[in-house]
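1. Build me a model:
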Amino acid sequence: MKSEQIIAELERLAEILGVEIRYEKMGVVSGGLCKINDALVLLVNKNLSPQSKIELIASELKNLDWSKHFVKPEVREILERA
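-> Residues are numbered from 1 along each chain as shown. Below you'll find the predicted structure:
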């Protein structure tokens, strides 16, 4: 599975979990999960490499209850390793 496909699957899972992903210019900060007006928002530095985006998104989503949702096996492995 290509990086773009993995990112798309992680974005789909985030949407199911009620997490908005925002890609923004953030200097040297990678990003992270935060709560804005009672909504979960995952800020991701748009200048990160695809692999770094995958690692960041997976590391933040793994802490949420995603186990009840279908996740493709490759993406499930990434979440479990994060």
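2. Provide the secondary structure category for residue 53.
-> helix (DSSP: H, G, I helix; E, B strand; the rest coil).
3. Identify the residue nearest residue 1 in space, chain neighbours excluded?
-> In space, and not counting its chain neighbours, residue 1 is closest to residue 74: 4.8 Å by C-beta to C-beta, 6 or more residues apart in numbering. Every C-beta, even on glycine, is put in place using the N, C-alpha and C of the backbone.
4. Doesn't that neighbour lie inside a helix?
-> Yes: the assignment for residue 74 is a helix, going by three-state DSSP.
5. residues near it, how many?
-> By other C-beta atoms under 10 Å, the residues close to residue 74 number 12.
6. From residue 20, how far out is the most far-flung residue of the chain relative to its centre?
-> Centroid-distance maximum for the chain: residue 37 at 19.7 Å, with C-alpha atoms, centre = their mean. Distance of residue 37 to residue 20, given as C-beta to C-beta, to the nearest Å: 11 Å.
7. Might you report the residue contacts of the nearest residue to residue 25 once chain neighbours are set aside?
-> Excluding its sequence neighbours, the residue lying closest to residue 25 (C-beta to C-beta, 6+ apart) is residue 46, at 5.9 Å. Going by C-beta atoms under 8 Å, 6 or more residues apart in numbering, residue 46 touches 23-26.
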